[in-house]
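Trainee: below: sequence and its predicted model.
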Amino acid sequence: MSSPQENKRQLTPEEWSYLTQYFVGNNYRYRENIIIPKNLGPVRIKTNEEKMVEAFFESCPFKSLMSCVIGYGLGAAIGLFSSSVGPTATNVEQQTARQVFQEMKTTTLGYAKNFAVIGALFSAVECSIETMRGKSDWKNGTYAGGVTGGLIGLRAGVKAGVLGAAGFAAFSTAIDYYMHSRS
């Protein structure tokens, strides 16, 4: 019966050099050495260009810009609807079509600008908070809602800022809860 010491063979200098280079070397791993399970279909490794495009679309400035644009469009639609439902002029019977359209334009642009600012501000704050915390959960929306509501309400005073922060945070939390409970 042979002992475990006798069964061990000595490594040749070439084998030893290969192993030390592999484990201690420059740590560059070739893609051929990566083992990826294929239980959900073929897996494709992303190229550097794909990673750069993905990083751009997930960046805070891009998300804020898109929220601004979408908020502008949504605000314009709501402003157009509200201006068509309730005209603000006192002498409605004597208004010309030009005056009606001018009033609709003013209301629509006012709503569009407000929604764009709110969307961009909320998105920028939420993305920044998510980046700083390193987590993606419901608290990010709540904190971002508080900051956004506070900043918007602060224009009317401290009391309005506090109420705006509380209201916007509660609204953001409710929307976040509703969106995540449905999935």
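Mentor: Right, received. Where do you want to start?

Trainee: what's the pLDDT at Gln94?
Mentor: Reported pLDDT at Gln94 in the predicted model: 79.

Trainee: how near is it to His180?
Mentor: Computed with Cβ to Cβ, to the nearest Å, the distance linking Gln94 and His180 is 52 Å. Every C-beta, even on glycine, is put in place using the N, C-alpha and C of the backbone.

Trainee: Lys113: how many residues sit nearby?
Mentor: Neighbour count for Lys113, taken as other Cβ atoms under 10 Å: 15.

Trainee: wait, isn't it in contact with Leu74?
Mentor: No - with contact taken as Cβ atoms under 8 Å, Lys113 and Leu74 are classed as non-touching, separated by 12.0 Å.

Trainee: for the host helix or strand of Leu109, packing partners?
Mentor: Counting by DSSP states H and E, the element that carries Leu109 is helix 97-133. Helices and strands touching helix 97-133, as assessed by 3 or more Cβ pairs under 8 Å, 6 or more residues apart in numbering; DSSP states H and E, comprise helix 60-85, helix 138-153.

Trainee: just send these back as a markdown table, with distance to Val53 too.
Mentor: Listed next are the helices and strands packed on helix 97-133 as a markdown table, based on distance: least, Cβ to Cβ, whole Å:
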| stretch | distance to Val53 |
| --- | --- |
| helix 60-85 | 11 |
| helix 138-153 | 24 |
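
Trainee: circling back: next, the buried residues of the helix holding Leu109.
Mentor: Applying a neighbour-count criterion of 16 or more other Cβ atoms under 10 Å, one finds 104, 107-108, 111-112, 114-130 buried in helix 97-133.

Trainee: quick one: closest of the helices and strands packed on helix 97-133 to Glu50.
Mentor: When those are compared for distance to Glu50 using Cβ to Cβ, the nearest one is helix 60-85, at 15.9 Å.
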